[in-house]
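*Asks:* Kindly return the folded structure for what I paste below:
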Amino acid sequence: MLSMPINKVTAKRMLKEAGAERVSVQAAEELAEIINKYAYDIAKKAVSLSAHARRKTVKKADIDLAI
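*Replies:* Numbering: from 1, shown residues only. This is a model prediction of the structure:
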């Protein structure tokens, strides 16, 4: 993975919005890591699907199929 678009601050905010009163640093880091891995895996699959369709552009349909 090249970057980490969802950082631990964002993950902590998500957990708080989901109803958590307190969030440990480790929980926020773990959630951020899982979200980023999941998103990266979807992106890789979507790129593969667009390449299979002989397109250079990744479309919404590719993302939908990748999920």
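
*Asks:* What separation is there between residue 17 and residue 10?
*Replies:* The gap separating residue 17 from residue 10 is 10 Å, by C-beta to C-beta, to the nearest Å. Glycine gets a C-beta too; all of them are placed from N, C-alpha and C.

*Asks:* When the two are compared, which one has more neighbours?
*Replies:* Neighbour count, other C-beta atoms under 10 Å: between residue 17 and residue 10, residue 10 has more, with 15 against 8.

*Asks:* So that one sits against residue 32, correct?
*Replies:* Yes - assessed by C-beta atoms under 8 Å, residue 10 is found in contact with residue 32 at 7.0 Å.

*Asks:* quick one: low-confidence parts of the protein?
*Replies:* Counting by pLDDT under 70, the low-confidence segments of the chain come to 1-2.

*Asks:* Mind naming the longest helix for it?
*Replies:* Longest helix of the chain, by residue count under DSSP state H: helix 25-52.

*Asks:* Geometric centre of this structure: which residue is closest?
*Replies:* Central residue of the chain (C-alpha atoms, centre = their mean): residue 39, 2.7 Å from the mean position.

*Asks:* That one against residue 32, yeah?
*Replies:* No - contact criterion C-beta under 8 Å: residue 39 and residue 32 do not qualify, at 10.6 Å.

*Asks:* Report the set of residues contacting both of the two.
*Replies:* Common contacts of residue 39 and residue 32 (C-beta atoms under 8 Å, 6 or more residues apart in numbering): residue 6.

*Asks:* roughly how far apart are residue 41 and residue 57?
*Replies:* 20 Å.

*Asks:* Neighbour count: these two, which is higher?
*Replies:* Neighbours were counted for residue 41 and for residue 57 using other C-beta under 10 Å; residue 41 has more, 13 against 7.
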